[in-house]
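A.B. asks: for reference, the sequence and a predicted model appear below.
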Amino acid sequence: MTNSEENHIKAIFHLSEEGIKIASTNEIAKRMNTRPSSVTDMIKKLSKKGLVNHKKYKGTFLTTKGKKRALQIVRKHRLWETFMVEKLKFNWDEVHEIAEQLEHINSEKLINKLDEFLGFPKVDPHGDTIPKRDGSYEKQEKIRLSELPIGNVGVCVGLGDSSTAFFRFLDKYKIALGSTIKVLSKEEFDKSMDISISGKSFHISHQIAYNLYINIKH
């Protein structure tokens, strides 16, 4: 498979994980930051290889074969991110783009050795589950911070944005995996909210809240 083919099936996988079980061409194009016409051409190639099913006027979803391949790519990406943060001491905002390149190395032996070297980690530095060698993985029970009712408390367990700008925002306000967040109030107009972390209160946009995944504390 080419890097572009792998990137497309990974994009479809991530959309399915976000609840979009049958992804439209426009949704895939937006995720890939490319033109819908390019996605259409790629879907035809992936269909011929048995990696996706395309339903006319509905959208595209991964076959069992396609999902298995996507999980292999995701596994490599998240293991490389973990290696760079834990062993090479990269900051968490530096590793995504490098891992985008490393995930295309097709050596199963290398990745299995990397997994063993890291002690078989379950999550990457951004809180995302790392698929196991056999492709299995445990989905985390999590919701977006934007869905948390006023007065409730949750623990940050994942991120929905991997951009450098987002990571820098989180570092600025000392928001990290494991942070306990309480929702103090919400604005009806733009869905922004006031939150508190470690006794400090500040205002965040709906976009920030939407891209923070949490487990609710009971």
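C.D. replies: Perfect, I can see it now.
A.B. asks: which ones are touching the most centrally placed residue in the chain?
C.D. replies: In the chain, the residue lying closest to the centroid (C-alpha atoms, centre = their mean) is residue 160, at 5.6 Å. Remark: with contacts taken as C-beta atoms under 8 Å, 6 or more residues apart in numbering, residue 160 is in contact with 144, 210-213. In short, each C-beta sits where N, CA and C put it, glycine included.
A.B. asks: just checking, which of these belong to strands?
C.D. replies: Among the contacts of residue 160, the members falling in strands (DSSP state E) are 144, 212-213.
A.B. asks: quick one, strands of this protein?
C.D. replies: Under the criterion DSSP E, the chain carries strands at the ranges 52-55, 59-62, 143-144, 153-159, 180-186, 193-197, 200-204, 212-216.
A.B. asks: rewinding a little: widest-spaced pair of the contacts of residue 160?
C.D. replies: Set against one another by C-beta to C-beta, the contacts of residue 160 have their most distant pair in 210 and 213, with a gap of 9.8 Å.
A.B. asks: between those two, which is the more surrounded one?
C.D. replies: Taking residue 210 and residue 213 together and counting by other C-beta atoms under 10 Å, residue 213 has the greater number of neighbours (22 against 16).
A.B. asks: ok, for the more buried one, nearest residue in space, not its chain neighbours?
C.D. replies: Nearest residue to residue 213, sequence neighbours excluded (C-beta to C-beta, 6 or more residues apart in numbering): residue 158, at 3.6 Å.
A.B. asks: ok, residue 126 touching residue 162?
C.D. replies: Yes. With contacts counted by C-beta atoms under 8 Å, residue 126 reaches residue 162, the gap being 6.8 Å.
A.B. asks: more neighbours: which of these two?
C.D. replies: Using other C-beta under 10 Å as the criterion, residue 126 and residue 162 rank with residue 126 on top: 22 against 18.
A.B. asks: pLDDT wise, what is the more buried one at?
C.D. replies: Note on residue 126: pLDDT of 83.
A.B. asks: now the closest residue to it other than its chain neighbours: how far from residue 35?
C.D. replies: In space, residue 126 comes closest to residue 159 once its chain neighbours are excluded; the distance is 4.8 Å by C-beta to C-beta, 6+ apart. In this view, residue 159 and residue 35 are 27 Å apart by C-beta to C-beta, to the nearest Å.
A.B. asks: now residue 147
C.D. replies: Applying C-beta to C-beta, the value for residue 147 to residue 35 is 32 Å.
A.B. asks: how far does stretch 170-180 stretch from one end to the other?
C.D. replies: Counting by C-alpha to C-alpha, to the nearest Å, the length from the leading to the trailing residue of stretch 170-180 is 14 Å.
A.B. asks: can you pull out the helices in this protein?
C.D. replies: Taking DSSP state H as the test, the helices found in the chain are 3-17, 25-32, 36-48, 64-86, 96-102, 108-117, 164-172, 206-210.
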